[in-house]
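[1] Mind folding the following:
(one chain, ligands or ions: 1)
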Amino acid sequence: MQKLTKSATGKGPAENFAGEVWFDQIYRGEEPSRARVNAVHFAPGAHTAWHTHTMGQTLHVTEGVGLVGTREGQVIVMRPGDTVHTPPGEWHWHGATAECFMTHLAIWDGTGDPDVPETTWGEHVTDADYHRAQP
Ligand code: MN
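    A predicted model of the protein is given here:
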């Protein structure tokens, strides 16, 4: 076994994230593993833009109160211990509520093809959609 070297905490870029979002890479498998695990920390009000994951994604909340929303208007409120799966290709966003920090583990798989992106990003979530999603 080996203890892995932690990479520096990264900031979510403004093209893809609204508000303050920071992520820690927990694990990135080397082939044949394609496992990906990040801890993602959202300040109150912070959230992703619309996006899809080619291989799907599983979110597991460790702190705070979070939201995940779909194009069809479904919203799930996520609390510590909750796990939410978004299937391959489903457009969604996720983040903190307006009033609470939130941290989740994001678990997904690489595509195995450098020409096929793991995540496809779309436009930012509108303020109206974000506020409508609040618990
Ligand atoms: Mn996602």
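
[2] And the strands in this protein?
    10-11, 17-18, 21-28, 35-42, 47-48, 51-53, 57-64, 66-70, 75-78, 83-86, 92-96, 102-109, 119-121 (DSSP state E).

[3] any idea how far the closest residue to residue 110 other than its chain neighbours lies from residue 68?
    By the measure of CB to CB, 6 or more residues apart in numbering, the closest residue to residue 110 outside its immediate chain neighbours is residue 34, 3.7 Å from it. Backbone N, C-alpha and C define where each C-beta goes, glycine included. Residue 34 sits 23 Å away from residue 68, going by CB to CB, to the nearest Å.

[4] For these two, indicate the residue with more neighbours.
    Taking other CB atoms under 10 Å, residue 34 and residue 68 do not tie; residue 68 has more neighbours (24 against 15).

[5] ok, the closest residue to that one other than its chain neighbours - contacts?
    Leaving aside its sequence neighbours, residue 68 sits nearest to residue 94 (CB to CB, 6+ apart; 4.2 Å). With contacts defined as CB atoms under 8 Å, 6 or more residues apart in numbering, the neighbours of residue 94 are 47, 48, 59, 66, 67, 68, 69, 78, 104.

[6] same check, this time on residue 27
    Residues in contact with residue 27 (CB under 8 Å, 6+ apart) are 4, 35, 36, 37.

[7] Buried ones from those, can you make that a ChimeraX selection?
    Provided next is the ChimeraX selection string for whichever of the contacts of residue 27 are buried by 16 or more other CB atoms under 10 Å:
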select :36,37
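
[8] Most widely separated two among the contacts of residue 27?
    Greatest spacing in those, by CB to CB: 4 and 36 (13.6 Å).

[9] out of the contacts of residue 27, who's nearest residue 116?
    residue 36 (14.0 Å).

[10] So what sits opposite the nearest residue to residue 106 once chain neighbours are set aside in the bridge?
    Once flanking residues are discounted, residue 106 sits nearest to residue 38: 4.8 Å by CB to CB, 6+ apart. Beta-bridge partners of residue 38, counted by DSSP bridges, are residue 25, residue 106.

[11] so residue 38 touches residue 118, yeah?
    No. Counting by CB atoms under 8 Å, residue 38 does not reach residue 118; the two are 11.3 Å apart.
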